[in-house]
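> From the sequence below, what's the structure:
(chains A and B)
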Amino acid sequence: MSELGKKVLSALLIVGAQSREMSESAAHLASRLELQAGSLEKDLRDLQAKGYVTLFEKDGTLMVYLTTIGIVTASSTYS
Amino acid sequence: MRILMLTWEYPPRIIGGIARHVEGLARELSFRNEVHIVTLDFPGSPPLEQKGSLYIHRVPVEIPSPTFHTWVLMFNHFFEKRVGQIAHAYGPPDVVHTHDWLTVTSGVATKHLLRRPLVMTFHSTEAKRSSGSTSPESNLVNGLEWWGAFESTRVITISRSMVAHLETQFQIPASKIASIYNAVDMEKFSGSVDREAVRRRWRVEPGEKLIAAVGRLTAQKGFDNLVRAFPLVLQKVPRCRLLIMGEGYMRTELQALARERGVADRTILGGFVGDRDLSDALKSSDVVVIPSRFEPFGITALEAMAAGAPLAVSKVDGLAEIVQNEVDGLQFVPEDIGGMADAIVRLLMDGPLASRLASNGMEKAKRYSWSSVAERTEEVYEAAMRDAKYE
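Have a look, this model is predicted:
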């Protein structure tokens, strides 16, 4: 996994984005990672294709949260 | 007695070996004790689950954190809140049991707030995981581990090699440490399986051999070396496939390595698998390989033995204590790619050897029961209750 991919999963874990209700906007996530808004979309779609995150649109905003595999993967380096 | 366990992972939230350990231990303890587990929430799991005298409290973390380590400290505060609620609703625990550094702070707080003895199990250490890193994050974890060991009346660890490591790492007196091996739930791995159906599911063709491995896809587990060894195996046994089950950050790296070594079409990264699929895969394998660079215990070795699979393992730490070379498995030197390949080839080509080792392994696995682990852990609790001090 790319370094950015690891950072994305870790960031989602520590903000508690592990359900639709607790999802994070892609723009806010980019801001947390000190990236330009919109620059994360391709990486998020790649992480979704690999089963680590779920993406959905809410009021025109791209939202993201970790799947169970994403939670396990994000935690895996610390156990 | 009323036992309170603090753990960041408990099924179905399975990150490493802690979840399996706590699940097996708590179930056995709950047959004659009241056991409360405080753990992190997980999608699809109820906030409170009761199985007889076993209570599983799953806690959400409701405040975002800037880093992983502050998140750990934050979820410990939420654990403390839940511990307070449990003590109020059910009565205070007789003993508090924390697992690894991740729940040290809530364990220490509970000890002093409720004046109850603290027991800590070390499943690993930061020094082992990070190969002696002195980064600020590793220093924090090292400090928490030391603090947990210092505050605990008794310390448990999972192999003799870990006892020696803890004595050196934290200057813990040997009299304070109990070595209690992990165990395996034989029932999960017993029973027959339709090997051909399982192998078809993993795209193993008739007549092909199946090499299996399972664990977190992290550097510690050494799966990169297994992928490096695989082409050497194929030179001797051309018709075989490699199945690696588990998740982790190294997935992409392993895929790239398999492509680079020309074995991508014969290497399957099976992802996270549940108990049933794991049992079926182990029972349907011709050899199970554990190529770890370090392994405080290696619960997978017991699971493979229980499933009747021939084993090839790195000669490291706890693994070297569990698996006896040429008796119930084959050992190879860690990082010795050729040695690993030779061990795998021997097990694939020498049927009588593989059968003998697998049979011996299954007999050995029967001796590692969770009821025995629970009995020994209760003895540790009783010693902690007798000797506890709150200075």
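
> For A:Ala49, grab the count of nearby residues.
Applying the criterion other Cβ atoms under 10 Å in any protein chain shown, we find 9 residues in the vicinity of A:Ala49. From N, CA and C alone the C-beta is placed, and that goes for glycine too.

> and if you look at A:Gly60?
When neighbours are defined as other Cβ under 10 Å, A:Gly60 has 5 of them.

> quick one: which helix or strand includes B:Val35?
Element membership of B:Val35 [criterion: DSSP states H and E] is strand B:34-40.

> list the helices and strands that strand packs on?
Other helices and strands packing on strand B:34-40, by 3 or more Cβ pairs under 8 Å, 6 or more residues apart in numbering or on different chains; DSSP states H and E, are strand B:2-6, helix B:17-29, strand B:54-59, helix B:68-90.

> what's the average pLDDT for the third one?
I take that to be strand B:54-59. Here strand B:54-59 scores 98 as its mean pLDDT.

> Kindly check the end-to-end length of stretch B:124-138 for me.
Using Cα to Cα, to the nearest Å, the end-to-end distance of stretch B:124-138 comes out at 13 Å.

> same check, this time on stretch B:215-231
In terms of Cα to Cα, the two terminal residues of stretch B:215-231 are separated by 21 Å.

> is it up against chain A anywhere?
Yes: if you take Cβ under 8 Å from any Cβ of the partner chain as the test, stretch B:215-231 does meet chain A, through B:Arg216, B:Leu217, B:Thr218.

> Do I have it right that the first one meets B:Met245?
It refers to B:Arg216. No: under the criterion of Cβ atoms under 8 Å, B:Arg216 is not in contact with B:Met245, lying 10.5 Å apart.

> Stretch B:6-16 - what's its average pLDDT?
Within the predicted structure, the mean pLDDT of stretch B:6-16 is 94.

> tell me which residues in it are buried?
Going by neighbour count (16 or more other Cβ atoms under 10 Å in any protein chain shown), the buried part of stretch B:6-16 is B:Leu6, B:Thr7, B:Trp8, B:Glu9, B:Tyr10, B:Arg13, B:Ile14, B:Ile15, B:Gly16.

> Figure out which of the helices and strands packed on strand B:34-40 is closest to B:Met120.
When the helices and strands packed on strand B:34-40 are ranked by distance to B:Met120, counting by Cβ to Cβ, first place goes to strand B:2-6 at 9.6 Å.

> Just want the angle from that closest one to helix B:68-90.
Taking axes from the mean of the first three to the mean of the last three Cα atoms, to 10 degrees, strand B:2-6 and helix B:68-90 form an angle of 160 degrees between their directions.

> Parallel or antiparallel, list what pairs with the strand holding B:Val35.
Strand B:34-40 has these partner strands in its sheet, going by DSSP bridges: strand B:2-6 (parallel), strand B:54-59 (parallel).

> per-residue confidence for A:Ser79?
A:Ser79 is assigned a predicted lDDT (pLDDT) of 65.

> Please apply the same query to B:Val72.
Reading off the confidence values, B:Val72 has pLDDT 97.

> Which of the three states applies to the closest residue to it other than its chain neighbours?
Take B:Val72 and drop its neighbours on the chain: the residue closest to it by Cβ to Cβ, 6 or more residues apart in numbering or on different chains is B:Leu102, 5.7 Å away. B:Leu102 carries the three-state label helix when classified by DSSP: H, G, I helix; E, B strand; the rest coil.

> right, and the helices and strands packed on strand B:34-40 - which one's nearest A:Val15?
Each of the helices and strands packed on strand B:34-40 has some distance to A:Val15 by Cβ to Cβ; the shortest is helix B:68-90, at 8.6 Å.

> I'd like to know which elements that closest one is packed against.
Using 3+ Cβ pairs under 8 Å, 6+ apart as the contact definition, the elements that helix B:68-90 packs against are helix A:3-14, strand B:2-6, strand B:34-40, strand B:54-59, helix B:104-114, helix B:136-151.

> For those, give me TSV that also has distance to B:Ser179.
Conversion of the helices and strands packed on helix B:68-90 to TSV gives the following (distance: least, Cβ to Cβ, whole Å):
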stretch	distance to B:Ser179
helix A:3-14	33
strand B:2-6	19
strand B:34-40	22
strand B:54-59	25
helix B:104-114	20
helix B:136-151	15
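
> Thank you, goodbye.
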